[in-house]
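Undergrad: All I have is the shape, not the residue letters:
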C-alpha cells in the first residue's frame with residue numbers, strides 16, 4: 001500500500017487557518033465569527049479557505065478533532081493497551097483539553113458546547129474501539145463498538161462533572177472514580 005505524502009504547504013495553511021480561528025474565537029462568539037475574519041487573520045483568500053474547509057462548522061470540527069486527538073496522543077504511546085493507566089491518561093487528556101478550550105475560547109465555549117460534546121465523544125469512541133481491538137477479545141465488532149461508546153460517554157461525562165462540580169484535581173477525581181469504573185457494582 002502506497003502512502004501519500006501531504007505537501008507541507010497544505011499542512012502549514014491548514015494549521016494557519018486553525019490558529020486564526022482560535023484567535024478570532026477568543027474575542028467573538030461562534031455565531032458572530034465570519035470566514036472573512038478568519039481568512040483576514042490568516043492572510044489567505046476565501047478560495048484557500050474553501051480548499052481546506054467547507055464552512056466554519058467544518059473548521060470547528062477540525063479544531064476539536066485535531067486538538068483532542070493530539071492531546072490524547074501526547075498522553076498515550078502506540079504500545080498502550082486498555083487498562084487503568086490508559087483510562088487515567090485519556091481522562092486527563094480530555095480534562096486538559098476542555099480546560100484549555102474553555103479558557104482560550106471562552107466566548108464560544110458555551111454556545112458550542114453541544115458540538116464539542118458530540119465531537120469529543122466520537123473521538124473517544126474511536127480511541128477506545130482501537131484499544132479494545134488491540135486486546136484481541138473474542139467478541140464481535142458490534143460488542144466492541146458498544147463497549148467503546150459506553151467508555152467514551154463515561155469518560156466525557158466524568159470530565160464535565162469534574163469541570164462543573166468538583167473542587168479536587170482531575171488526577172484525584174479519576175483515582176476516586178476508577179474502582180467504580182473497573183469493578184462496577186462489585187465495589188462496596
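TA: Now that the structure is in, tell me what you want to look at. These numbers were taken from a predicted model, which means no experiment stands behind them. Numbering: from 1, shown residues only.
Undergrad: the bottom helix or strand of the chain by mean pLDDT?
TA: Taking mean pLDDT, DSSP states H and E as the measure, the chain has helix 106-109 as its least confident helix or strand, at a mean of 68.
Undergrad: what about the residue most central in space within the chain, helix or strand, and which?
TA: The chain has residue 68 as the residue nearest its centroid, 2.8 Å off, counting by C-alpha atoms, centre = their mean. Element membership of residue 68 [criterion: DSSP states H and E] is helix 56-75.
Undergrad: and if you look at residue 11?
TA: Applying DSSP H and E, one finds residue 11 within helix 8-25.
Undergrad: Would you mark the buried spots in that helix?
TA: Residues of helix 8-25 classed as buried by neighbour count (16 or more other C-beta atoms under 10 Å): 13-14, 16-18, 20-25. Backbone N, C-alpha and C define where each C-beta goes, glycine included.
Undergrad: Next, the contact list for the residue nearest to the centre of the chain, please.
TA: When contacts are counted by C-beta atoms under 8 Å, 6 or more residues apart in numbering, residue 68 is found next to 93-94, 97, 119-120, 123.
Undergrad: Tell me the helix or strand right after the least confident helix or strand of the chain.
TA: With elements assigned by DSSP H and E, the helix or strand that comes after helix 106-109 is helix 113-134.
Undergrad: After that next one, which helix or strand is next?
TA: By DSSP H and E, the next helix or strand past helix 113-134 is helix 141-165.
Undergrad: so where's the chain uncertain?
TA: Counting by pLDDT under 70, the chain has low-confidence residues at 1-4, 78-79, 105-107, 136-138, 184-188.
Undergrad: List the residues that contact residue 127.
TA: For residue 127, the contacting residues are 72, 90, 152, by C-beta under 8 Å, 6+ apart.
Undergrad: Could you count how many residues lie near the second one?
TA: Burial measure for residue 90: 25 neighbouring residues, criterion other C-beta atoms under 10 Å.
Undergrad: My read is that it contacts residue 155, right?
TA: Yes - using C-beta atoms under 8 Å, residue 90 is in contact with residue 155, at 6.0 Å.
Undergrad: what touches both of those two?
TA: Here residue 90 and residue 155 share the contacting residues residue 124, scored by C-beta under 8 Å, 6+ apart.
Undergrad: circling back: show me what counts as buried in the helix holding residue 68.
TA: Residues 56, 59-64, 67-68, 71-72, 75 are the ones in helix 56-75 that count as buried (16+ other C-beta under 10 Å).
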